[in-house]
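S.K.: Can you look at this prediction? I've put the sequence above it.
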Protein chains: 2
Amino acid sequence: MPASSRASGEFDRATSVRRDGPHTHRATLSADWTVGHAVNGGYLLALTGRALSDALAHPDPLTVTAHYLTASRPGPAVIHTDAARPGRTVSSGHARLVQTDGDGREVERLRVLATHGDLDALTDEVRTSAEPPTLPPFEKCPGYRDALAGGMALPELVRRCDVRFDPSTVGWAVGKPSGRGEIRAWFTFADGREPDPHVLLLAADALPPTAFDLGITGWVPTLSLTVHVRRRPAPGPLRIVLRTRNLAGGLVEEDGELWDATDRLVAQSLQLARVRSGD
Amino acid sequence: MPASSRASGEFDRATSVRRDGPHTHRATLSADWTVGHAVNGGYLLALTGRALSDALAHPDPLTVTAHYLTASRPGPAVIHTDAARPGRTVSSGHARLVQTDGDGREVERLRVLATHGDLDALTDEVRTSAEPPTLPPFEKCPGYRDALAGGMALPELVRRCDVRFDPSTVGWAVGKPSGRGEIRAWFTFADGREPDPHVLLLAADALPPTAFDLGITGWVPTLSLTVHVRRRPAPGPLRIVLRTRNLAGGLVEEDGELWDATDRLVAQSLQLARVRSGD
């Protein structure tokens, strides 16, 4: 059964949530999806998205925005959801993910605003002017291990994902950023788990910041991440294109396209992050 | 005084909110900012943004997302805010705008998730690769009255705003859409009120849908609108560029850039709207 084989992946175990009351889910943030000490923002959006899929009347995220308040840590977390009265074809709601800090104090990690629908009910009409990215074949593109050879230590997140970079957009890894502010890559899970709408929420924030390609190094914490899920992705690797057009005032914007193996634009994203020059 | 002259505009009166409790503001949605029977989504975002500026520890919207649940009507409205514990440089919170329907039942109109900060505290660093749009001079560009001569009735919103379209992107008004899905225009208020961060929230949704330039007609209701405010705009007309790259499955994406009179990219936006073919 596809459903059970899908549910056997690392991603599914790490983003599982259990209902604990009408407006509450509990989860354990996995140390396997971290970058440094912080849990990855895309993983958090996917996990919160699964709580929202349970809490809202419609299953699939169509448009989701997360605002990141404080850095999440591996360990227990509680997701509080607040659903609006559902519409006929879409339903909207909030979620707040909280953790307890060392002093036993509740600390809010992120807030999410989501509108869900049913991707299978969308029409088949397509009038996309965006062009799918042309990357060298998956197996000809360097992965993190190749790109960072002799460089930085691999974040845990990177071990879960098989990301292959377009060689022309990976100069930042060896101290030669292109300055264009663009990163293109293939994305699959290391364990072969196929993409679905919640995976798109993770994948929208699973690549290095495009600020790296502008020569910025150090921590680029996300303030907000918006993802539009436009279609259920076909099996096979995704292609992700991230671009920034605007680094200014210590903030950097990043917009993304996620394409599936059948050349369909399955998600678009917009992110705002802080750049800490000199970190 | 610039502050008082600013506050004398139609926009300021129409988006004023009054605090009515620790988490509640009251407002009157103005019939002057409607398109058809519905109150404009950008106006609603600006008005809700003013309640959030009062409720949050930081004054300026940096990244704001609204999800529109039902069409707002002119008349009384209540905004419920829920602020997270503020950070040092930014603070985040939710807002819910509700109205009472003809049966006395509370109906939610929109939800907003916002992170505010202090635009005057941002660094002066600018490394923007986006190029400001080149439009013919303001006075050489047709306004709504010219573009729609003999066509549709002017929405109320349009009377408040002095929008001048790049002639090459206004063919849709006379039944000749370019098919590119792009609209470029100058934007000022009819009463000369200068732009500020809350005006940017309105302006991000004050032009016709780019779907019109794809030959789509009829109502294009917004599901979600995200706006990044990147800088306090200088006095003078704004230039707005809206593009869509992806119309599919009955949903259309629209991304926007707002430039001020000094060629600074002051805001970016991303919108998801429904296309009702055949309406």
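M.R.: Cool, got the structure. Residues are numbered from 1 along each chain as shown, chains lettered A, B, ... in the order given.
S.K.: Who are the packing partners of the longest strand seen in chain A?
M.R.: The longest strand of chain A (DSSP state E) is strand A:106-117. Helices and strands touching strand A:106-117, as assessed by 3 or more Cβ pairs under 8 Å, 6 or more residues apart in numbering or on different chains; DSSP states H and E, comprise helix A:41-55, strand A:60-68, strand A:91-100, strand B:60-68, strand B:91-100, strand B:106-117. Glycine gets a C-beta too; all of them are placed from N, C-alpha and C.
S.K.: how about it: buried residues?
M.R.: Residues of strand A:106-117 classed as buried: A:107-117 (neighbour count, 16 or more other Cβ atoms under 10 Å in any protein chain shown).
S.K.: same deal with stretch A:21-35?
M.R.: By 16+ other Cβ under 10 Å, the buried positions in stretch A:21-35 come out as A:25, A:27, A:29-30, A:32-35.
S.K.: Can you give the distance from stretch A:47-61 to the centre of its chain?
M.R.: Chain-centre distance of stretch A:47-61: 15 Å, with Cα atoms, centre = their mean, to the nearest Å.
S.K.: Contacts for it next, please.
M.R.: With contacts defined as Cβ atoms under 8 Å, 6 or more residues apart in numbering or on different chains, stretch A:47-61 is touched by A:14-17, A:19, A:23, A:25, A:27, A:29, A:64, A:66, A:79, A:81, A:83, A:86, A:89-93, A:95, A:97, A:110, A:112, A:114-119, A:197-198, A:201, A:227, A:229, A:232.
S.K.: circling back: from the buried residues of strand A:106-117, pick the one nearest chain B.
M.R.: Of all the buried residues of strand A:106-117, A:Leu113 has the smallest distance to chain B: 4.0 Å, by Cβ to the nearest Cβ.
S.K.: Relative to B:Phe138, how far out is the residue nearest to the closest one when sequence neighbours are not counted?
M.R.: Once flanking residues are discounted, A:Leu113 sits nearest to B:Leu113: 4.0 Å by Cβ to Cβ, 6 or more residues apart in numbering or on different chains. Relative to B:Phe138, B:Leu113 is positioned 35 Å away (Cβ to Cβ, to the nearest Å).
S.K.: Which two of the buried residues of strand A:106-117 have the greatest separation?
M.R.: The distance between the two most remote of the buried residues of strand A:106-117 (Cβ to Cβ) is 31.9 Å, for A:Val107 and A:Gly117.
S.K.: Would you confirm that A:Ile79 belongs to a strand?
M.R.: Yes: judged by DSSP: H, G, I helix; E, B strand; the rest coil, A:Ile79 forms part of a strand.
S.K.: wait, what's in contact with it?
M.R.: A:Ile79 sits next to A:17, A:24-27, A:47-48, A:51, A:95-98 when contact means Cβ under 8 Å, 6+ apart.
S.K.: what comes up buried for stretch A:231-249?
M.R.: For stretch A:231-249, burial by neighbour count (16+ other Cβ under 10 Å) applies to A:231-233, A:237-249.
S.K.: Send me it as CSV with only the CA atoms.
M.R.: Presented in CSV, the C-alpha positions along stretch A:231-249 are these (Å, rounded to 0.1, in the frame of the first residue of the first chain):
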residue,chain,number,x,y,z
ARG,A,231,-0.5,20.6,-6.6
ARG,A,232,0.1,17.1,-5.2
PRO,A,233,3.7,16.3,-6.3
ALA,A,234,4.4,13.3,-8.5
PRO,A,235,6.8,10.7,-7.2
GLY,A,236,10.5,11.4,-8.0
PRO,A,237,13.0,14.1,-7.0
LEU,A,238,11.9,17.7,-6.7
ARG,A,239,13.8,20.6,-8.3
ILE,A,240,14.0,23.7,-6.2
VAL,A,241,15.0,27.2,-7.3
LEU,A,242,15.6,29.9,-4.7
ARG,A,243,16.4,33.4,-5.6
THR,A,244,16.8,36.6,-3.7
ARG,A,245,16.2,40.0,-5.3
ASN,A,246,16.5,42.1,-2.2
LEU,A,247,19.0,42.2,0.6
ALA,A,248,18.6,45.5,2.4
GLY,A,249,18.4,46.8,5.9
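S.K.: Looking at the buried residues of stretch A:21-35, which one is closest to B:Ala267?
M.R.: Using Cβ to Cβ, A:Val35 comes nearest to B:Ala267 of the buried residues of stretch A:21-35, at 28.9 Å.
S.K.: what residues are up against that closest one?
M.R.: A:155-157.
S.K.: Most neighbours among the residues you listed, which one is it?
M.R.: In terms of neighbours by other Cβ atoms under 10 Å in any protein chain shown, the contacts of A:Val35 top out with A:Leu157 at 22 neighbours.
S.K.: is A:Ala95 in a bridge, and if so with what?
M.R.: A:Thr81, A:Val112 (DSSP bridges).
S.K.: can you check A:His116 too?
M.R.: In this structure, A:His116 bridges to A:Pro61, A:Ser91 when assessed by DSSP bridges.
S.K.: surely it meets A:Ser91?
M.R.: Yes: with contact defined as Cβ atoms under 8 Å, A:His116 reaches A:Ser91; the gap is 5.5 Å.
S.K.: Who are the contact partners of the closest residue to chain B within the stretch 51-200 of chain A?
M.R.: Nearest to chain B, among the residues of the stretch 51-200 of chain A, is A:Leu122, at 3.3 Å (Cβ to the nearest Cβ). A:Leu122 sits next to A:231, B:248-251 when contact means Cβ under 8 Å, 6+ apart.
S.K.: Could you tell me which residues of the stretch 51-200 of chain A lie near chain B?
M.R.: Residues of the stretch 51-200 of chain A lying close to chain B (Cβ under 8 Å from any Cβ of the partner chain) are A:62-63, A:65, A:67, A:69-70, A:84-85, A:87, A:90, A:92, A:94, A:96, A:107-108, A:111-115, A:119, A:122-130, A:180-181.
S.K.: Kindly format the C-alpha coordinates of stretch A:216-230 as PDB.
M.R.: Presented in PDB, the C-alpha positions along stretch A:216-230 are these (Å, rounded to 0.1, in the frame of the first residue of the first chain):
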ATOM      1  CA  ILE A 216      26.900  36.300   3.400                       C
ATOM      2  CA  THR A 217      28.000  33.700   5.900                       C
ATOM      3  CA  GLY A 218      26.800  32.800   9.400                       C
ATOM      4  CA  TRP A 219      23.300  32.400  10.800                       C
ATOM      5  CA  VAL A 220      20.400  33.600   8.700                       C
ATOM      6  CA  PRO A 221      17.400  33.200  10.900                       C
ATOM      7  CA  THR A 222      14.000  33.200   9.200                       C
ATOM      8  CA  LEU A 223      11.400  35.700  10.400                       C
ATOM      9  CA  SER A 224       8.600  34.500   8.100                       C
ATOM     10  CA  LEU A 225       8.100  31.700   5.500                       C
ATOM     11  CA  THR A 226       5.100  31.600   3.200                       C
ATOM     12  CA  VAL A 227       4.400  28.500   1.100                       C
ATOM     13  CA  HIS A 228       1.700  28.000  -1.500                       C
ATOM     14  CA  VAL A 229       1.100  24.400  -2.300                       C
ATOM     15  CA  ARG A 230      -0.300  24.300  -5.800                       C
END
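S.K.: average pLDDT for that stretch?
M.R.: In this model, stretch A:216-230 has a mean pLDDT of 93.
S.K.: Show me what counts as buried in that stretch.
M.R.: In stretch A:216-230, counting by 16+ other Cβ under 10 Å, buried: A:216-217, A:220, A:222-230.
S.K.: Can you give me the distance of the residue lying closest to A:Tyr43 once chain neighbours are set aside to A:Leu110?
M.R.: Nearest residue to A:Tyr43 in three dimensions, chain neighbours excluded: A:Trp33, at 4.1 Å (Cβ to Cβ, 6+ apart). Going from A:Trp33 to A:Leu110 by Cβ to Cβ gives 14 Å.
S.K.: Right, and chain B sits closest to which residue of the stretch 151-279 of chain A?
M.R.: For the stretch 151-279 of chain A, the residue closest to chain B is A:Gly249, as judged by Cβ to the nearest Cβ, at 3.3 Å.
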